[in-house]
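Novice: Below is the sequence, then the predicted model.
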Amino acid sequence: MERNIRSFVRRLGRMTTAQTRALDTLGPRYVVPFCPHPVDPQGLFAESDNAAPLAPLVLEIGFGMGEATATIAQAMPETRFLCCDVHVPGVGALLGRIEALGLRNVRICVHDAVEVVGTMLPPACLDGVHLFFPDPWPKKRHHKRRLIQPTFVDTLVQRVRVGGYLHCATDIEDYAQQMLAVLQAHPQWHNTAIDLPGDTGCAPGFVPRPPYRPLTKFEQRGVRLGHGVWDLVFVRK
C-alpha cells in the first residue's frame, strides 16, 4: 500500500540498558516482522499464550512506552494484542513490561501502522482497534498528517469484523472533533455515544472512558491541570 504522507516522525531517543537488553533477549519472541502481503494474524501468537486458537484480536496503534498496553493485556489475557509503533525505546520498554508481568498475549510490529493495516492484515480479522493519544499534529498545515483520515478509516473498516470496535482517545479537542467528523461520515461505523441513556457528562458524540482503558501518568497530569480528554467508540456495522 503506497504511503506518501506519514502520520509520525521517527524519534530514535535514548535507549536504556534495560530497553536494549529487552530488545536483544525478548525481541526475537515478541517482535514480528512486517510482511508486504496478508498473513494470518492469529498465527503470530504461540500456542503457549493460553488463548483459544481464534481468540479476540485487537490492534493497538501507537503505544508510547507501553504502560497502558501492558495493563490492558494483563487484565484481558483471553484477548490477543498486535501492537504497532516505530519508537524503538518504547518497544524496549513494552518488552520489559511483557517480561515483568509474564504476558503471552502481546506481539509487536515495529512498522508504520498504515502499511500494516493496508498490506499485512486480511479482511475482517480484527475484533477491535485502540488508538490512544495519537500525534495531534497541531499546526494546521500538518493536519494532513493526522492518522484519522477518510482513506485510512475506510481501509481500517475493512479489517474489522462486523460488531468489532474502534476506540480513539485524545486530549486535543480540535483533533477529537476532526476524528468525530471523519468517523460519523463513514456509513459503516456506528457511534456508540448515541446508544447511551441520559446525561453522560461528555460532549455530544463522545463517551465516558471505558473501564478497560487505564489512566496513564501523562493523562493523570493533564487532568490535574484541567485538560480535557475525549473518548470515541465506534462499532463496525
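Specialist: Okay, I see it. Residues are numbered from 1 along each chain as shown.

Novice: only C-alpha atoms for contact and neighbour calcs from this point on.
Specialist: Noted.

Novice: Now A113: phi and psi?
Specialist: Main-chain dihedrals, A113, degrees, to the nearest 10: phi -60, psi -30.

Novice: Correction: the previous question concerned N105.
Specialist: phi -110, psi 20.

Novice: Hmm, I72 and it touching each other?
Specialist: No. Using C-alpha atoms under 8 Å, N105 is not in contact with I72, being 10.5 Å away.

Novice: out of the two, which sits in the busier spot?
Specialist: More crowded of N105 and I72, by other C-alpha atoms under 10 Å: N105, with 25 against 17.

Novice: which ones are touching the more buried one?
Specialist: Contacts for N105 (C-alpha atoms under 8 Å, 6 or more residues apart in numbering) come out as F45, D49, A51, A73, P77, E78, T79, R80, F81.

Novice: out of those residues, what pair is the most spread apart?
Specialist: F45 and A73 (13.7 Å; C-alpha to C-alpha).

Novice: in this protein, which helix or strand is least confident?
Specialist: helix 217-224 (a mean of 76; mean pLDDT, DSSP states H and E).

Novice: Convert it to CSV, retaining C-alpha atoms only.
Specialist: C-alpha atoms of helix 217-224 as CSV (Å, rounded to 0.1, in the frame of the first residue of the first chain):
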residue,chain,number,x,y,z
LYS,A,217,0.6,9.1,34.1
PHE,A,218,0.5,11.6,31.2
GLU,A,219,-3.3,11.7,31.2
GLN,A,220,-3.5,12.0,35.0
ARG,A,221,-1.2,15.0,34.9
GLY,A,222,-3.4,16.6,32.2
VAL,A,223,-6.5,16.0,34.3
ARG,A,224,-4.8,17.7,37.3
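
Novice: That one: how far from the chain's middle?
Specialist: Chain-centre distance of helix 217-224: 19 Å, with C-alpha atoms, centre = their mean, to the nearest Å.

Novice: Repeat that for stretch 211-218.
Specialist: Counting by C-alpha atoms, centre = their mean, stretch 211-218 comes out at 13 Å from the chain centroid.
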